[in-house]
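> All I have is the shape, not the residue letters:
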């Protein structure tokens, strides 16, 4: 009965009644509709920025020793700007390239063999660009800190073996991970005829390990800032073991926090509207990732920021309940009217229209198999509602882990049939 009541509440989290049926149409539906505004919408008026406080304490400094490896009796620039990736080529006289395993805007990653130890490693080759070089220095600094505090296998973060500068490129040598969660889930779904690979027990293990990683990262005053399926890799399939990677966007909580962090579909609303944010943006990303693993589709699928905000409101309830939160956002007026409705301007006509959410619920989005686990719905809603309400009340990873421990203890007292409708928490 308790599980049934929780599911009813989850159908329409903001409803006063007995819940409602999912109003999204069967099949693909954007989850919102454009409606002409009665009159030109007035942008939301953000709260003025607070006056600057006391001067910060003087900075402390540290030294990073970067090895520069050069060819003896050779000078000059390299013939090409991009580092040539060739199978069986040697890097710095030590690492033999096997094959490329990934590419991004800032870097390329290759599988290689360390000829000194004989072990397989990953070489992250930073592209020849000053800004990317500086970002790589930050990533090295963060990884060195994480690895020095605790065993990265225990904390589920990436292990850094080495770093150096070679042929006008920065190189990071790390442990070799498996497929990232996006590639793995996509491949398994194709192999299994569209059926998802993720089950409740597998999802529990992944969720617990990612939360442990975030607890550790946050304990060092760090925010990952770009948590997404592509930045979590599989170390083992059975049992599931994952690790969090790519700390190139990570920052300290006391750094100047940028407004363009995290991939859009996993970006917390406080980042979107340029409100003050903290560690909780990582927990928002975790919730969206878990929902995506369960369903195989992006939870807040979108083609622009306003449609993403409308999808958030469709699943979690109207932003009008969080006026103080919106008032703290320096860019809230880009997306919200003075009536706290999401709006956008159509590119073809220039007309301002209201982006009206089509109500649904998280339980409906998860589907019957996962929605039947009321603790899963509760776990995901707890971090999404809190993050949407205000960054000061959103749950930290440490609170998440404490909640998991409490739910796990309750699950140990309640046996299940192993069919997937477990009514048990993520553990």
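Now that the structure is in, tell me what you want to look at. Keep in mind that what you see is a predicted model, and the values were worked out from it rather than measured.

> CA atoms for contacts and neighbours, from now on please.
Noted.

> Can you mark which positions in the helix or strand containing residue 213 are buried?
Assessed by DSSP states H and E, residue 213 sits inside helix 200-219. Within helix 200-219, the residues that qualify as buried are 200-218, counting by 16 or more other C-alpha atoms under 10 Å.

> next one: stretch 157-164
In stretch 157-164, residues buried by neighbour count (16+ other C-alpha under 10 Å) are 157, 158, 159, 160, 163.

> quick one: the helices in the stretch 101-250 of the chain?
Ranges of helices in the stretch 101-250 of the chain, per DSSP state H, counting those that start in this stretch, are 130-149, 152-155, 181-191, 200-219.

> if you average pLDDT over each of those, which comes out lowest?
Note on these: lowest mean pLDDT is at helix 181-191, with a mean of 90.

> quick one: which of the buried residues of stretch 157-164 sit in strands?
Judged by DSSP state E, those include 160, 163 as members of strands.

> What is the nearest of the buried residues of stretch 157-164 to residue 65?
Residue 65 has its nearest neighbour among the buried residues of stretch 157-164 in residue 163, at 9.8 Å by C-alpha to C-alpha.

> residues contacting the closest one?
Residue 163 makes contact with 66, 67, 140, 170, 171, 172, 173, according to C-alpha atoms under 8 Å, 6 or more residues apart in numbering.

> So which of those residues is surrounded by the most neighbours?
When neighbours are counted by other C-alpha atoms under 10 Å, residue 171 leads the contacts of residue 163 with 26 neighbours.

> doesn't residue 125 make contact with it?
Yes: using C-alpha atoms under 8 Å, residue 171 is in contact with residue 125, at 4.9 Å.

> Tell me who's in contact with residue 357.
So residue 357 contacts 31, 32, 33, 310, 311, 313, 314 (C-alpha under 8 Å, 6+ apart).

> For the second one, which non-adjacent residue is closest in space?
Yep, that's residue 32 we're talking about. Nearest residue to residue 32, sequence neighbours excluded (C-alpha to C-alpha, 6 or more residues apart in numbering): residue 357, at 4.3 Å.

> returning to what we had before: rank the contacts of residue 357 by pLDDT and give me only the lowest.
residue 31 (72).

> Pull the number of nearby residues for the residue lying closest to that residue once chain neighbours are set aside.
Among residues not flanking residue 31 along the chain, residue 358 sits closest, at 5.2 Å (C-alpha to C-alpha, 6+ apart). A count of nearby residues for residue 358, using other C-alpha under 10 Å, gives 19.

> my read: residue 358 touches residue 307, true?
No: using C-alpha under 8 Å, residue 358 is not in contact with residue 307, being 11.2 Å away.

> what residues are shared contacts of these two?
Applying C-alpha under 8 Å, 6+ apart, one finds that residue 358 and residue 307 are jointly contacted by residue 32.

> Burial check on residue 180, number of neighbours?
For residue 180, the count of nearby residues is 20 (other C-alpha under 10 Å).

> and it, how far is that from residue 231?
7 Å (C-alpha to C-alpha, to the nearest Å).

> again with residue 323
In terms of C-alpha to C-alpha, residue 323 sits 33 Å off from residue 231.

> Any stretches of the stretch 301-427 of the chain with poor pLDDT?
383-427 (pLDDT under 70).

> That one: helices as residue ranges?
Along the stretch 301-427 of the chain, the stretches classed as helices by DSSP H, counting those that start in this stretch are 305-316, 323-327, 362-366, 368-371, 374-389, 397-412.

> I'd like to know which elements the helix holding residue 213 is packed against.
In terms of contacts (3 or more C-alpha pairs under 8 Å, 6 or more residues apart in numbering; DSSP states H and E), helix 200-219 is packed against helix 152-155, strand 241-244, helix 280-295, helix 397-412.

> give me that answer again for 7 Å
Using 3 or more C-alpha pairs under 7 Å, 6 or more residues apart in numbering; DSSP states H and E, the elements in contact with helix 200-219 are helix 152-155, strand 241-244, helix 397-412.

> Quick test: name the residue nearest the centre of this structure.
residue 227 (2.5 Å; C-alpha atoms, centre = their mean).

> Identify the residues contacting it.
262, 282, 285 (C-alpha atoms under 7 Å, 6 or more residues apart in numbering).

> Identify the residue spatially nearest to the last one, adjacent ones excluded.
Distances taken as C-alpha to C-alpha, 6+ apart place residue 266 nearest to residue 285, at 4.9 Å, with adjacent residues excluded.

> and the gap between that neighbour and residue 226?
To residue 226, residue 266 is 8 Å away according to C-alpha to C-alpha.

> And these two? Which one has more around it.
Using other C-alpha under 10 Å, the more surrounded residue of residue 266 and residue 226 is residue 266, with 27 against 23.

> Tell me the pLDDT of that one.
Predicted confidence (pLDDT) for residue 266: 96.

> That one contacts residue 286, doesn't it?
No: look at residue 266 against residue 286 with C-alpha atoms under 7 Å: they stay out of range, at 8.2 Å.

> what pLDDT does residue 60 get?
Reading off the confidence values, residue 60 has pLDDT 88.

> neighbours of it, just the number please.
Burial of residue 60 is recorded as 5 neighbouring residues (other C-alpha under 10 Å).

> Am I right that it is in a strand?
No: Residue 60 is assigned coil when assessed by DSSP: H, G, I helix; E, B strand; the rest coil, not a strand.

> What's the separation between residue 361 and residue 311?
Residue 361 sits 10 Å away from residue 311, going by C-alpha to C-alpha.
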